[in-house]
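*Asks:* Any chance you could fold what I've pasted below:
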Amino acid sequence: MKTPLAAVEDMIQAVIDRDLDAVLDAFSSEPDAYVFPEGPRWTTRGGDRIERGWRAYFEAPVGIDAFRWAEGPHLFESGALGQVTGVVDYDVHGDGREGRLRMRMTWLLRLERDRWRVVHEHGSQPLADPYGAGDWWPDGARPLGTQP
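*Replies:* Below is the predicted model:
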């Protein structure tokens, strides 16, 4: 059986390969599946709606050409749940343009019928000034557990 990480990386490769059937097979078809797409919608809930979203994506003039981990992947697995997180650089194209899209990504996977399927996907980017008060991170501060 594949690991949660292999399931996620295979799903991303299926997006790159434009293999809709493999992408849909990577996601849970259950009603509790819930994704936060990179845009323009806020959320998609339910396997049937996730399928419609992926079908629309594959009909649009956009796509991913390659991906690489910029940070991570960080993995967690316990029983029937697995989690894959990290920062991913996607090489993308759309509307005649090419570029790089860096996303914070989280995938929660559930063991369904002896294989890992995505039940939650969340892609996001930091907001420049979410509180309208400037950067709250003090100059010189470091994340906990890092050395100066």
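*Asks:* Quick check on Tyr90: phi, psi?
*Replies:* In terms of degrees, to the nearest 10, the main-chain angles of Tyr90 are phi -110, psi 130.
*Asks:* Could you find the closest non-adjacent residue to it?
*Replies:* Nearest-residue entry for Tyr90: Leu101, 4.5 Å, with adjacent residues in sequence omitted and distances by Cβ to Cβ, 6 or more residues apart in numbering. C-beta coordinates here come from the backbone N, C-alpha and C atoms, glycine included.
*Asks:* Wasn't the one you found part of a strand?
*Replies:* Yes: counting by DSSP: H, G, I helix; E, B strand; the rest coil, Leu101 falls inside a strand.
*Asks:* pLDDT score for it?
*Replies:* We have a pLDDT of 95 for Leu101.
*Asks:* so it makes contact with Val92?
*Replies:* Yes: with contact defined as Cβ atoms under 8 Å, Leu101 reaches Val92; the gap is 4.9 Å.
*Asks:* who touches the residue nearest to Tyr90 in this structure?
*Replies:* Each residue near Leu101 by Cβ atoms under 8 Å, 6 or more residues apart in numbering is listed here: Glu38, Asp89, Tyr90, Val92.
*Asks:* Could you report the separation of Gly123 from His93?
*Replies:* From Gly123 across to His93, the span is 17 Å (Cβ to Cβ, to the nearest Å).
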